[in-house]
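Novice: task: produce atomic coordinates for the following.
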Amino acid sequence: MIAIIADDYLENGPIPLALALAGFEACEIKSPEDAAGRLGQYGPHDCMLVLDARSLESEGDSKSWGHLLDDPRVAAVVVACGEPSPWARALTQAPHRILLENPFDAAAVAAAAARASACAPHRIHRVSSSVAPDSKYAS
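Specialist: Numbering: from 1, shown residues only. Reported below is the predicted structural model:
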């Protein structure tokens, strides 16, 4: 399964490595349009979103992220470093949508991704749990 990491804060650190070690292919994107492109390319059954709750609160991006999360087939982990908005809470009510609040670490994000993918309303395809040697996350 491809974990679409949708925030600079989340992609610069141990979270992509933890996701890769948990069997996800970490894919970093910069915008809702990039995420929509990946979802269109691979389909919601092979992708999940990992995004910061602040992305949902910025007025310019909220409608685009909201549009992606309106698709009930898309699994997601929404990470909240502060108090999440009521809208972020509402978007994560389904079993395949996880709201992860502080305190958390990279392992908690990977565990939430595994829970969300296990509860998805469709069959999840997992990639190998080993990190490819040419991956930027390989040591």
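Novice: pLDDT below threshold where in the protein?
Specialist: Along the chain, segments meeting pLDDT under 70 span 8-12, 58-63, 121-139.
Novice: contacting residues around the lengthiest helix in it?
Specialist: Across the chain, the helix with the greatest residue count (assigned by DSSP state H) is helix 106-118. Here helix 106-118 makes contact (C-beta atoms under 8 Å, 6 or more residues apart in numbering) with 1, 3, 10, 13-15, 17-19, 21-24, 48, 50, 75-77, 79, 95-98, 100, 124, 126. For glycine as for every other residue, the C-beta is placed from the backbone atoms N, C-alpha and C.
Novice: among those, name the ones in helices.
Specialist: Checked against DSSP H, those include these in helices: 10, 15, 17, 18, 19, 21.
Novice: dump stretch 94-109 to CSV, keeping only the CA atoms.
Specialist: C-alpha atoms of stretch 94-109 as CSV (Å, rounded to 0.1, in the frame of the first residue of the first chain):
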residue,chain,number,x,y,z
ALA,A,94,-14.9,6.1,10.1
PRO,A,95,-12.9,3.0,11.2
HIS,A,96,-10.4,3.5,8.3
ARG,A,97,-9.8,7.1,9.3
ILE,A,98,-7.5,7.6,12.3
LEU,A,99,-7.0,10.8,14.2
LEU,A,100,-3.7,10.6,16.0
GLU,A,101,-3.2,13.3,18.7
ASN,A,102,-0.1,14.3,20.6
PRO,A,103,1.9,12.7,22.1
PHE,A,104,2.9,10.4,19.3
ASP,A,105,6.0,9.1,17.5
ALA,A,106,6.8,7.6,14.2
ALA,A,107,5.9,4.1,15.4
ALA,A,108,2.5,5.4,16.4
VAL,A,109,1.9,6.8,13.0
